[in-house]
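> I need the structure of the sequence given here:
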Amino acid sequence: MATITPEEVEHVANLARLEFNEEEIADFTHQLGRILDYIGKLNELDTTDVPPTSHVLPIHNVSKEDAVKPSYDRELVFATAPETQEGHFDVPKVIE
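As a prediction, this is how the structure comes out:
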């Protein structure tokens, strides 16, 4: 069994800015010990021929290529805007 002390649990809790009572510290000490035991069992597996992965399934970036294409007519777009100023949309101030 992997050993983790209540002092280590308190130290990690302090780093995470968490506060626990004595009962919670005892519970977490037991639970974290069991987690470390399980990780220890996983470390016993032979993974020499297993390639490292970050995902179980292959993931591909699905972004499309940039393509130059004509945009909307500027005068037509600004004609529908409530207000424009120097070639830009004029909107109310949001941040004071």
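
> Determine the set of other helices and strands touching the longest helix anywhere in the chain.
Secondary structure of the chain per DSSP state H: the longest helix is helix 22-43. In terms of contacts (3 or more Cβ pairs under 8 Å, 6 or more residues apart in numbering; DSSP states H and E), helix 22-43 is packed against helix 6-15. The way it works is simple: take the backbone N, C-alpha and C, and place the C-beta from them, glycine included.

> just the angle between the helix it packs on and helix 22-43, please?
Counting by axes from the mean of the first three to the mean of the last three Cα atoms, to 10 degrees, helix 6-15 lies at 100 degrees to helix 22-43.

> Which strands or helices does helix 6-15 pack on?
Under the contact criterion of 3+ Cβ pairs under 8 Å, 6+ apart, helix 6-15 touches helix 22-43.

> ok, then the element right after the helix it packs on?
helix 74-79 (DSSP states H and E).

> Hmm, His26 is touching Pro6, no?
Careful, residue 26 is Ala and not His. Yes. At 6.8 Å, Ala26 and Pro6 qualify as touching, with contact defined as Cβ atoms under 8 Å.

> got a list of what Phe78 touches?
The contact partners of Phe78, by Cβ atoms under 8 Å, 6 or more residues apart in numbering, come to Thr84, Gly87, Phe89.
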